[in-house]
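Colleague: with the input below, show me the fold.
(chains A, B, C and D)
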Protein chains: 2
Amino acid sequence: MPRTESQNQELREQRSEEILNAALGVFSRRGMVATKISDIASEANLSHGLVYHYFKSKEEIFTLLVKRAAESSGQIIEKAHLQDGSAIEKIKWMTEQILHSLTDGNHILLFLIMIQASTSDAVPEEVKQFLTSEEFKSPISCLIPLILEGQQCNEIIGENPIKLAVSYYSFIQGFAINKLQWSQCPVPEADLIIKIFR
Amino acid sequence: MPRTESQNQELREQRSEEILNAALGVFSRRGMVATKISDIASEANLSHGLVYHYFKSKEEIFTLLVKRAAESSGQIIEKAHLQDGSAIEKIKWMTEQILHSLTDGNHILLFLIMIQASTSDAVPEEVKQFLTSEEFKSPISCLIPLILEGQQCNEIIGENPIKLAVSYYSFIQGFAINKLQWSQCPVPEADLIIKIFR
DNA sequence: GTCTATAGGCTGATAGAC
DNA sequence: GTCTATCAGCCTATAGAC
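Modeller: Okay, the predicted model is just below:
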């Protein structure tokens, strides 16, 4: 009995996700250029030919993952703004979310893709354009309104807000990297990081 | 008039450094796998053939740079231990040195090579071995004695020293990455970072 | 020492069978 | 939808001329 159209659709969707997941794993370990299509294929347990049935190229897969990562990081910041409480409580909440997402699941891999995308020159042109486009809101620029809010009620020290935002994200990004190298490393509490704002 | 032996020696040394410097620049921008020998050659203004006259392979160049980077980071920590003052003053001094070295010169490139070497799977076997060998002292483990010293005289909070060290290096590494992406970004003061210890 | 030419291997991408 | 076979291009590394 042949598959129905909707079953076919579902299969396509599922395979596609399998490939993307496999790619995420390999990309985050080896970087875009160093991963071969055959690496992705064998991680996903299918032939390299099939990868091309679902995606146009290796670059397309990478670009897609970068956009997902950007979206996922954007969502956390958005949620933080909607949170109850003072500015610093919002930042603390966000920090807890991030640290938690780095600790379990493969959110950390999306994080690393993002770091690779923004630190390496050897990425698809489309990724470069995306990262400099209006569409992409950098985490640093999204954090600044929150910092200003905290400074107005003297919750946060009167330091250059950009400097504070850079420091905060340095911390987060650096920790993601450390965590990848040493997955069992102790995770700092959000309060430890928040200290830089006081 | 032919060159004397010592002039030849000097030329070799000089060319060798030129190539290493060029390689450092390209590696840090594109990563090891994505840089071609011809990239290094043209950055150094010489033919690709000549690169092979000085080095056995691309991997050899990368490995050499990783070892230099490790040495240079080890030296800073060593100097910090020899510094006068309390533990936290030593850490502050070290932080200032690091921030300064990230700000000018191409020390930051060595830093990034180190990050690449320790985060990517796609590095020469010799690099992997080196990073797990006794020869290589990880910055985190080198910082711990200093933290313990500070905790004994209540200069530093009684938090898990490993956690503190991880947090500190997360910050430093993350900042190096940010600085590379955005070279004009404001540089936090050492005191801002040191807050996590109090 | 330095260059150009080229061999050899690998990999991204496609074609075509099932 | 999935696989295997294969092509075409690129890149490392070497050989040999100057």
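Colleague: the residue most central in space within chain A and B:Gln9, how far apart?
Modeller: Centroid check for chain A by C-alpha atoms, centre = their mean gives A:Phe111 as the closest residue, at 3.1 Å. A:Phe111 sits at a distance of 48 Å from B:Gln9 (criterion: C-beta to C-beta, to the nearest Å). Using the backbone N, CA and C atoms, a C-beta is placed for each residue, glycine as well.
Colleague: also A:Ile194?
Modeller: In this structure, A:Ile194 and B:Gln9 are separated by 56 Å, where distance is defined by C-beta to C-beta.
Colleague: the more surrounded of these two?
Modeller: Legend: neighbour count by other C-beta atoms under 10 Å in any protein chain shown for A:Ile194 and B:Gln9, higher for A:Ile194 (18 against 11).
Colleague: helix or strand for the more buried one, which one?
Modeller: With elements delineated by DSSP states H and E, A:Ile194 resides in helix A:190-194, which encompasses its position.
Colleague: now that helix: mean pLDDT?
Modeller: Helix A:190-194 comes out with an average pLDDT of 98.
Colleague: wait, does that helix contact chain B?
Modeller: Yes: Helix A:190-194 comes into contact with chain B (C-beta under 8 Å from any C-beta of the partner chain), by way of A:Leu192, A:Ile193.
Colleague: my guess is A:Ile37 contacts A:Val51. True?
Modeller: Yes: using C-beta atoms under 8 Å, A:Ile37 and A:Val51 qualify as a contacting pair, with a distance of 5.5 Å.
Colleague: between these two, who's got more neighbours?
Modeller: Each of A:Ile37 and A:Val51 had its neighbours counted (other C-beta under 10 Å), and the higher figure belongs to A:Val51 (21 against 17).
Colleague: residues touching that one, list them.
Modeller: For A:Val51, the set of contacting residues under the criterion of C-beta atoms under 8 Å, 6 or more residues apart in numbering or on different chains consists of A:Ile19, A:Ile37, A:Ile40, A:Ala41, A:Ala44, A:Ile61.
Colleague: export those to CSV and tack on distance to B:Ala117?
Modeller: Shown next, in CSV, are these (distance: C-beta to C-beta, whole Å):
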residue, distance to B:Ala117
A:Ile19, 29
A:Ile37, 25
A:Ile40, 23
A:Ala41, 27
A:Ala44, 28
A:Ile61, 25
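Colleague: any chance of those residues in CSV, plus pLDDT and secondary structure?
Modeller: What follows is these, written out as CSV (pLDDT from 0 to 100; DSSP: H, G, I helix; E, B strand; the rest coil):
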residue, pLDDT, secondary structure
A:Ile19, 98, helix
A:Ile37, 98, helix
A:Ile40, 98, helix
A:Ala41, 98, helix
A:Ala44, 98, coil
A:Ile61, 98, helix
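Colleague: from the residues you listed, which is closest to DNA strand C?
Modeller: Out of the contacts of A:Val51, the one with the shortest distance to DNA strand C is A:Ile37. That distance is 3.7 Å, counting by C-beta to the nearest atom of the strand.
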